[in-house]
Each structure stands twice: as structure tokens, then as C-alpha cells.
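**Student:** Fold the following.
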Amino acid sequence: MPTIHLSIPEGMYEELRKKAEDMGIQITDLVKFYIRQGMEKEEEGENVEKNTECEENIAFLEAKVAQLDAIVGELVRKLKNIEDEDIGEEEVELKEREENN
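**Tutor:** Predicted coordinates:
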């Protein structure tokens with residue numbers, strides 16, 4: 001197994017020694033635990049940043065969809081108005097033809 005050597009202040013060593021003693025483990029195992037814990041927190045922080053970015057993108061896309069929905073609704077309304085006008089004109093033409101015959 002690879003080995004690393006750390007130089008740490010005496011006060012930090014004493015804190016680690018006391019904590020390891022209280023937990024009934026060796027100092028090296030405690031240091032490994034803290035390193036692993038720190039690495040996991042770093043990964044979680046990266047995930048939080050990615051999640052935040054994804055949430056922002058989703059909010060942006062939802063806003064765009066709402067805008068498109070409003071535009072499509074307006075277009076449908078305008079098309080119905082045009083169709084209604086065309087139908088009205090056709091009815092007028094039919095009445096005029098009937099009156100002329």
C-alpha cells in the first residue's frame with residue numbers, strides 16, 4: 001500500500017491522538033477517515049454546483065416554453081378570427097346570391 005508522510009503541528013497531532021483514542025482506532029485510520037470525508041464533501045459540492053446549474057437551465061427552459069405557449073395561443077386565436085371572418089363573408093355572399101335569384 002502506498003504511504004505518505006505528513007508534517008503537522010503538535011497541537012493538531014494531539015487533537016488527532018485524543019480523538020483516535022476516544023474512538024478506539026489508530027491515528028492513521030482517523031486521518032484516512034477525515035481525508036475520505038473531505039473528498040466526499042468536495043464531490044458533493046461539485047454535484048451541488050451541477051444541480052444548481054441544471055435547475056437554472058430548467059427554469060430558463062420552462063420560461064421559454066411558457067412564452068412559446070402564449071405565442072401559439074395568440075396565433076390560434078388570430079386564425080380563428082380569420083376563419084370566422086371568412087365564414088361571415090361566405091354567408092353574406094350566399095345571402096346576396098339568394099336575393100339576386
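
**Student:** least trustworthy helix or strand in this structure by mean pLDDT?
**Tutor:** Between all helices and strands in the chain, the lowest mean by mean pLDDT, DSSP states H and E belongs to helix 27-100, at a mean of 84.

**Student:** what about the residue nearest the centre of the chain, distance to Val48?
**Tutor:** Computing the C-alpha centroid of the chain and ranking residues by Cα atoms, centre = their mean puts Glu55 first, at 1.9 Å. Separation of Glu55 from Val48 (Cβ to Cβ, to the nearest Å) stands at 10 Å. Any C-beta I mention is one placed from the backbone N, CA and C, and that applies to glycine too.

**Student:** related to what we said a few turns ago, who does the least confident helix or strand of the chain touch, helix- and strand-wise?
**Tutor:** helix 10-23 (3 or more Cβ pairs under 8 Å, 6 or more residues apart in numbering; DSSP states H and E).

**Student:** Show me which positions of the helix it packs on end up buried.
**Tutor:** Residues Leu16, Ala20 are the ones in helix 10-23 that count as buried (16 or more other Cβ atoms under 10 Å).
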